[in-house]
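> only geometry, no sequence info:
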Ligand code: CS2
């Protein structure tokens with residue numbers, strides 16, 4: 001007998017232990033369009049919005065947009081946008097069905113429908129979690145104008161592929177129709193994420209204005225530069241990829257199938273700059289921190305949580321640990337993370353009221369959550385896009401301040417060594433990176449460590465043309481020599497991290 005699936009029709013049949021939307025979903029009006037409906041969005045922003053809807057703020061429903069893959073739409077459309085959020089801590093699991101995603105659109109299939117949602121005057125906020133690489137930054141940090149998708153979007157403004165193309169066309173159409181612009185709320189792990197997206201989008205708009213010959217002072221560039229709000233935000237919740245075992249367990253609990261339940265931890269945090277031009281939900285009632293400047297929170301999260309995550313991922317993979325909790329239980333890696341935090345903490349502003357002692361203690365607990373089984377290979381993806389804000393930024397600040405460090409550069413060396421280990425001690429596609437083709441070609445040459453690191457810095461644009469770039473390269477190369485000679489054991493020993 002096939003089991004029925006999660007949908008509006010089966011909601012009321014779910015066991016009492018599973019939380020379900022307590023509001024009338026048919027009365028919810030759309031107010032947010034979200035680009036990039038991955039598991040992270042569904043565990044984070046969509047859950048906060050679900051709280052708002054339940055509290056009666058019913059005009060902030062979410063229209064979800066997938067920019068590339070069909071998976072989420074295929075899973076959620078037959079379920080009326082419903083899915084289960086499984087909040088897991090060691091020994092406990094709490095299930096909650098989230099109802100805030102009203103509909104799902106697939107950009108490659110129907111770009112016109114996505115644009116229609118974006119220009120709908122009811123859409124007052126556009127949120128994004130499209131991952132670091134989808135911002136299409138060139139090695140120097142500016143917009144990668146040579147990227148084929150950017151060229152495509154400039155040539156076909158009404159059939160865009162990229163987030164930049166969609167946002168630009170929608171903002172242009174709203175401007176032409178006299179509809180006020182939506183607020184663009186970036187929720188990706190980029191430094192100054194709102195300001196970064198603002199800069200990239202104005203670069204895109206300038207190219208577009210030039211192409212459409214509207215650079216007459218009334219073009220899109222001026223509109224986006226002057227009229228559109230881009231608050232920065234810090235988002236935090238650990239969301240491991242869902243496994244088939246998770247699907248089976250959740251279906252067993254609910255008594256109906258859910259094609260794609262989302263796994264997460266109890267902790268969640270969202271800090272947002274309070275700069276919304278067209279209104280916003282009263283998120284502060286549901287645990288969101290609204291601030292004037294999110295910078296210190298973002299840096300703390302990127303450098304302490306994500307920086308440690310990348311270190312745990314690459315050193316964990318090289319040490320044979322498949323999950324974060326197992327890697328973190330390895331005394332050498334645990335000690336390494338403490339050393340990394342000790343180097344990164346002084347780079348954070350002292351006067352911003354950050355409590356790094358409590359924060360790192362909380363992180364240690366979160367990384368030890370055995371119920372999450374957060375795979376090191378998942379975090380290892382896209383290192384070239386992640387390391388600049390997680391690791392390189394701290395290292396540069398240490399160099400500028402004249403403080404010594406050794407742990408930060410070991411993360412960079414471990415990334416390079418883990419890339420080189422693919423197809424050897426690690427499966428070929430264990431994790432991927434947008435620079436894989438060039439990286440693999442380079443690593444296959446088996447150059448001396450110093451040359452390898454220099455070439456990797458060139459490829460990924462690490463440290464740009466910073467005066468201290470060469471020092472960073474040399475410090476990284478020393479670790480790479482150790483890793484190549486005898487794996488993490490020797491690299492740790494060189495840091496004084498003891499027998500394992
Ligand atoms: C992780 C993040 O995959 C990764 O790179 O470091 O996804 C991390 O789990 C989240 O940022 C936590 O908020």
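Cool, got the structure. Because the structure is predicted, anything quoted here is derived from the model rather than measured.
> Tell me, how many residues neighbour the closest residue to the ligand within the stretch 401-500 of the chain?
Of all residues in the stretch 401-500 of the chain, residue 431 sits closest to the ligand, at 10.0 Å by C-beta to the nearest ligand atom. Glycine gets a C-beta too; all of them are placed from N, C-alpha and C. Other residues lying near residue 431 total 23 when counted by other C-beta atoms under 10 Å.
> For it, give me the pLDDT.
Looking at residue 431, its pLDDT reads 98.
> how about the residues of this protein that lie near the ligand?
189, 236-238, 306, 309, 378-379, 386 (C-beta under 6 Å from any ligand atom).
> What's the mean pLDDT across stretch 469-484?
Averaging pLDDT residue by residue across stretch 469-484 gives 98.
> can you check stretch 339-346 too?
Mean predicted lDDT for stretch 339-346 stands at 98.
> residues making contact with it?
303-304, 307-308, 311, 356, 360, 394, 398, 401, 403, 405-408, 411, 495, 497 (C-beta atoms under 8 Å, 6 or more residues apart in numbering).
> Relative to the whole chain's centre, how far out is it?
Distance of stretch 339-346 from its chain centroid, counting by C-alpha atoms, centre = their mean, to the nearest Å, is 22 Å.
> And for stretch 12-32?
27 Å.
> repeat for stretch 384-391
Per C-alpha atoms, centre = their mean, the centroid offset for stretch 384-391 relative to its chain is 12 Å.
> I'd guessed residue 18 sits against residue 255; true?
No. Under the criterion of C-beta atoms under 8 Å, residue 18 makes no contact with residue 255, lying 9.3 Å away.
> Would you map the strands across the stretch 201-350 of the chain?
233-236, 262-264, 269-273, 289-291 (DSSP state E, counting those that start in this stretch).
> looking at those, which is buried most?
strand 262-264 (a mean of 24; mean count of other C-beta atoms under 10 Å).
> outside of that one, which residues touch it?
Counting by C-beta under 8 Å, 6+ apart, 39, 42-43, 83-88, 237-242, 246, 372 sit against strand 262-264.
> mean confidence score for it?
98.
> Indicate which one of the strands of the stretch 201-350 of the chain is closest to residue 168.
strand 233-236 (21.0 Å; C-beta to C-beta).
> what about the closest one, average pLDDT?
98.
> So what are the sheet partners of that strand and their directions?
strand 269-273 (antiparallel) (DSSP bridges).
> The strand it pairs with - what's its average pLDDT?
98.
> can you check stretch 293-311 too?
98.
> And for stretch 393-403?
97.
> Give the buried residues for that stretch.
Neighbour-count burial for stretch 393-403 flags 393-399 (criterion: 16 or more other C-beta atoms under 10 Å).
> Quick check: can you list the domain ranges of the chain?
The chain breaks down into these domains under automatic domain parsing: 8-291, 295-494.
> and the first one, how far apart are its ends?
Using C-alpha to C-alpha, to the nearest Å, the end-to-end distance of domain 8-291 comes to 37 Å.
> Repeat that for the shortest one.
The first and final residues of domain 295-494 sit 34 Å from each other (C-alpha to C-alpha).
> circling back to that earlier point, now which of the contacts of stretch 339-346 would you call buried?
Judged by 16+ other C-beta under 10 Å, buried ones among the contacts of stretch 339-346: 303-304, 307-308, 311, 356, 360, 394, 398, 405-408, 411, 495, 497.
> give me the number of residues near residue 430?
Using other C-beta under 10 Å: residue 430 sits among 18 other residues.
> With respect to residue 2, which of the domains of the chain lies nearest?
Nearest to residue 2, of the domains of the chain and by C-beta to C-beta, is domain 8-291 at 8.3 Å.
> Distance from the chain centre to the closest one, please.
That offset, for domain 8-291, works out to 12 Å (C-alpha atoms, centre = their mean).
> Generate a PyMOL selection restricted to the buried entries among the residues of the chain next to the ligand.
Selection of buried members from the residues of the chain next to the ligand for PyMOL, criterion 16+ other C-beta under 10 Å:
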select buried, resi 189+236+237+238+306+309+379+386
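> The nearest residue to residue 281 once chain neighbours are set aside: what secondary structure?
Computed as C-beta to C-beta, 6 or more residues apart in numbering, the closest residue to residue 281 that is not its neighbour in sequence is residue 52, at 4.1 Å. Secondary structure, DSSP: H, G, I helix; E, B strand; the rest coil: residue 52 is helix.
> Count the residues that sit near residue 52.
Neighbours of residue 52 (other C-beta under 10 Å): 23.
> State the distance from it to residue 322.
37 Å (C-beta to C-beta, to the nearest Å).
> In this structure, where's the longest helix?
The residue-count maximum for a helix in the chain (DSSP state H) belongs to helix 469-494.
> What residues sit buried inside that helix?
Result for helix 469-494 [16+ other C-beta under 10 Å]: buried residues 469, 472-473, 475-484, 487-489, 491-492.
> Tell me who's in contact with the residue of the stretch 301-450 of the chain found nearest the ligand.
Distances between the stretch 301-450 of the chain and the ligand by C-beta to the nearest ligand atom are smallest at residue 309, namely 3.6 Å. Counting by C-beta under 8 Å, 6+ apart, residue 309 makes contact with 324, 379, 390.
> mind checking pLDDT for residue 217?
46.
> any low-confidence regions in this structure?
Counting by pLDDT under 70, the chain has low-confidence residues at 1, 214-218, 499-500.
> Closest residue of the stretch 1-150 of the chain to the ligand?
residue 40 (6.6 Å).
> Pull the residues that contact stretch 280-294.
Residues contacting stretch 280-294 (C-beta under 8 Å, 6+ apart): 31, 48-49, 51-52, 55, 57, 60, 124-125, 183, 194, 231-234, 268-274, 297.
> Swap in 7 Å and give it another go.
With C-beta atoms under 7 Å, 6 or more residues apart in numbering as the test, stretch 280-294 has contacts from 48-49, 51-52, 55, 57, 60, 125, 232-234, 270-274.
> okay, among these, which ones form the most distant pair?
55 and 232 (25.3 Å).
> Same drill for these two, tell me which one is more crowded.
Applying other C-beta under 10 Å to residue 55 and residue 232 shows that residue 232 carries more neighbours, namely 26 against 14.
> Out of the contacts of stretch 339-346, which sit inside helices?
Among these, the ones falling in helices (DSSP H) are 307-308, 311, 356, 360, 394, 398, 401, 407-408, 411.
> Same list, those residues, but as TSV with distance to residue 460 please.
TSV is the format used below for the ones in helices among the contacts of stretch 339-346 (distance: C-beta to C-beta, whole Å):
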residue	distance to residue 460
307	16
308	20
311	17
356	28
360	27
394	16
398	19
401	24
407	20
408	15
411	13
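> my guess is residue 68 is in a helix, correct?
No. Using three-state DSSP, the secondary structure at residue 68 is coil, not a helix.
> which SS class is the closest residue in space to it that isn't next to it in sequence?
Nearest residue to residue 68 in three dimensions, chain neighbours excluded: residue 108, at 6.8 Å (C-beta to C-beta, 6+ apart). Three-state assignment for residue 108 (three-state DSSP): coil.
> residues near residue 252, how many?
Neighbours around residue 252, by other C-beta under 10 Å: 9.
> From residue 258, how far off is it?
Taking C-beta to C-beta, one finds residue 252 at 11 Å from residue 258.
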